[in-house]
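Asks: Could you work out the structure for the sequence below:
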Amino acid sequence: MSIANLDQAHYNMIVQQVRPWDVLDDKILDTLKQLPREAFVVDEYKKLAYADTSIPLGNGQEMLHPILEGRMLQVLNIQPMDTILEIGTGSGFLTACLAHLGYHVTSIEIDPSLSQLAANRLHQQNLVNIDLVVGDALEVMDKSKQYDVVVVTASMSDVPDALKKSLAIDGRLFIVTGEDPVMSARLITRVADDQWSDRILFETSIKPLINAEPVKAFVF
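Replies: Reported below is the predicted structural model:
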């Protein structure tokens, strides 16, 4: 795809996909305009970089739809001094968006090859306020730290206590829970040391987090 066609596809993604899905925050739209999504996609799929589809990343993983990325960023209301924990680096595109909006991002990816590819792409975008960690997130995350924002880019059957407790007061967690065909995107906010609000945002469906897949019920 030519540069002109990519530019048009980039514009169309924002105007025809993201905005109609009620992503109207100029800060989010500007972030999506400034960051070249095609730079985070392997050559084979660059022509799909701005399409309303999941893009294969390898090893069974997928890049999220642009509309989901936009809604996720908007509901989190990221502020310039926010510290952010991302579970699932994937392509690195959402990591770049988070880093563009917030103060610092720690992003954990279980697949070393995906983490290395993301590191290369983020370096090319001159984003330096990011730490990439390789490992199983719930095992390697620093449980002594608290964050203003936590983002889980794959689904889980429910919300782990470790993620809720990783939020600072007024911290926000975006997570998709449930099993196909019905999953719920949720925003969880820590309102006190031992109290969280939980708001269901919309229904969606994304791949489960590796090592957190739903247990299949035994059928007699």
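Asks: Spatially central, which residue of the protein would that be?
Replies: Nearest to the mean C-alpha position of the chain, counting by CA atoms, centre = their mean, stands Thr153 at 4.2 Å.
Asks: Could you measure from that one over to Leu187?
Replies: Taken as CB to CB, to the nearest Å, the spacing of Thr153 relative to Leu187 amounts to 15 Å. Glycine gets a C-beta too; all of them are placed from N, C-alpha and C.
Asks: Which SSE is immediately downstream of the helix of greatest length in the chain?
Replies: When the chain is scanned for its longest helix (criterion: DSSP state H), the result is helix 112-124. Downstream of helix 112-124, the next assigned helix or strand under DSSP states H and E is strand 130-134.
Asks: What are the buried residues along the next helix or strand along the chain from that following strand?
Replies: Towards the C-terminus, the helix or strand next in line after strand 130-134, according to DSSP H and E, is helix 137-140. Of the residues in helix 137-140, 137-138 count as buried by neighbour count, 16 or more other CB atoms under 10 Å.
Asks: Give me the below-cutoff pLDDT ranges for the protein.
Replies: 1-2, 212-220 (pLDDT under 70).
Asks: Please, where are all the strands along it?
Replies: If you assign secondary structure with DSSP state E, the strands in the chain sit at 55-58, 61-63, 83-87, 104-109, 130-134, 147-156, 167-179, 182-192, 195-204.
Asks: Pull the contacting residues for Leu167.
Replies: In this structure, Leu167 makes contact with 146-148, 150, 173, 188-190, 196, judged by CB atoms under 8 Å, 6 or more residues apart in numbering.
Asks: are any of the residues you listed buried, and which?
Replies: Neighbour counting with 16+ other CB under 10 Å marks 146-148, 150, 173, 188-190 as buried within these.
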